[in-house]
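> sequence below, structure please.
(one chain, ligands or ions: 2)
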Amino acid sequence: MKSFAELGVKKEIVHALEGIGYVDPLEVQEKIIPLALQKKNLVFTAKTGSGKTLAFTIAFLARINKKHALQMIILVPSRELCIQVGKEIKRVCEPLGINVGMLYGGREIVGDYRTLNKKNHIIIGTPGRLIQHINEKNIKVGDVSCLVFDESDHLFEEGFYEDCAYLRERVSNNSQIILASATITATVERFIKEEIKEFLLVRVGVLIPENIVQEKVYCKRADKEVILQKILSQKRVKRSMVFCNMKSTVTWLSGLLNEKKMKARPISNDVREDDRLNYLNLFKEGKVHVLIATDVAARGLHIEDVDLIVNYDIPTRKEFYVHRIGRTGRNDKPGHAITIICPEEKEQFQDIEAEFGLSVRLREGIRS
Ligand code: ADP
Ligand code: MG
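Ligands and ions are numbered 1, 2, ... in the order given. A predicted model of the protein is given here:
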């Protein structure tokens, strides 16, 4: 394995990384940094939790001219992700005197003006809010020379496709474009075709980490809630995440588990942002043991030590399976994922297994 310096990262940036405990590059960083340093347009995939954020950020830091304002834009699909990615990048940038701002929908606009009052070299934002500020001329994109679409598959599929295409067209044609994601979907391919002329496609490592034990349980639809309760009490998990397809299921299940004294909280777009952040923190602190979530709300969140993922519903899109179970087993720690399957969903799950070449084992000993 090469060191950051051997990859071509400048000394002061290497120092900043060491300062926060990042001594060696992770695999995706080792592959991506040298290519990004060559200013190539990149489309890369790597499993969740593998270090993609810094893989696409580090190379650009040396190119930042501190006298200029905005030079790099990183687009993310949700405010939670915006805050998380922002935090991670700030840790490296602060010691280097590089300013990082975050702009995301759902926040009072006054907060944005505070952010915009300073000179931001890098902005991380959700598409809608960012475009609003660009159109109101609160942000100038003339000096932007690197545009990143993080979790690009999700960005494009959550109705942000047009916004992303617009942003790509607003920045200079010579800008470096980077797409990072865990999976490449049809819309990602469409975006590449329509918006990026030349690029390199890099797939790093295996999609589903081998350290995650995947299991499935068959039951009748009506028995799912009982099975879930059994799984959660059997494992005595400290932190588990339960995924549902619908906001209404999230709300209902969360209520049900709380009635059973299971300390669960809902994470969906029906839950206010403040509450979501609060639940997330309680979960991280171990005061809440179960998060019940929809895919949209949970996407990309980095939470250490999730012991168990439960798929209460089979995900509506195959790639969501990869994202869901990627919440556990981060950084090569042991992980566990259980999918509850009713007869109506059997075929759908077989498709997922086929897509990713999985043979998920049957979990014995759980009966409704
Ligand atoms: P991804 O975007 O691929 O899901 P993240 O970029 O969120 O993953 O990184 C996952 C974790 O790895 C984060 O907690 C981050 O702080 C940590 N990390 C990133 N780079 C390094 C490194 N070089 N050494 C150690 N830890 C790292
Ligand atoms: Mg990420």
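> average pLDDT across stretch 55-63?
Here stretch 55-63 scores 97 as its mean pLDDT.
> that stretch: which residues count as buried?
By neighbour count on 16 or more other C-beta atoms under 10 Å, the buried set for stretch 55-63 is 55-61. (C-beta placed from N, C-alpha, C; glycine too.)
> hey, C-alpha coordinates of it in PDB?
The C-alpha atoms that make up stretch 55-63 are tabulated as PDB, following Å, rounded to 0.1, in the frame of the first residue of the first chain:
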ATOM      1  CA  ALA A  55     -11.000  10.100  -2.000                       C
ATOM      2  CA  PHE A  56     -12.700  12.900  -4.100                       C
ATOM      3  CA  THR A  57     -11.700  15.800  -1.900                       C
ATOM      4  CA  ILE A  58      -8.000  15.400  -1.100                       C
ATOM      5  CA  ALA A  59      -6.600  15.800  -4.600                       C
ATOM      6  CA  PHE A  60      -8.300  19.100  -5.100                       C
ATOM      7  CA  LEU A  61      -7.100  20.800  -1.900                       C
ATOM      8  CA  ALA A  62      -3.700  21.500  -3.400                       C
ATOM      9  CA  ARG A  63      -5.300  23.400  -6.300                       C
END
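> off-centre distance for that stretch?
The chain centre lies 19 Å from the centre of stretch 55-63; the measure is C-alpha atoms, centre = their mean, to the nearest Å.
> is any residue of that stretch near ligand 1?
No: using C-beta under 6 Å from any ligand atom, stretch 55-63 never reaches ligand 1; the gap is at least 7.3 Å.
> could you give the number of residues near the closest residue to Val202 other than its chain neighbours?
Spatial nearest neighbour of Val202, excluding adjacent residues (C-beta to C-beta, 6 or more residues apart in numbering): Phe44 at 4.2 Å. For Phe44, the neighbour count with other C-beta atoms under 10 Å is 24.
> who's in contact with Phe44?
Residues near Phe44 by C-beta atoms under 8 Å, 6 or more residues apart in numbering: 28, 31-32, 52, 55-56, 178-181, 201-204.
> emit the PyMOL select command for whichever of these are buried.
Applied in PyMOL, the following selects the buried portion of these according to 16+ other C-beta under 10 Å:
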select buried, resi 28+31+32+52+55+56+178+179+180+181+202+204
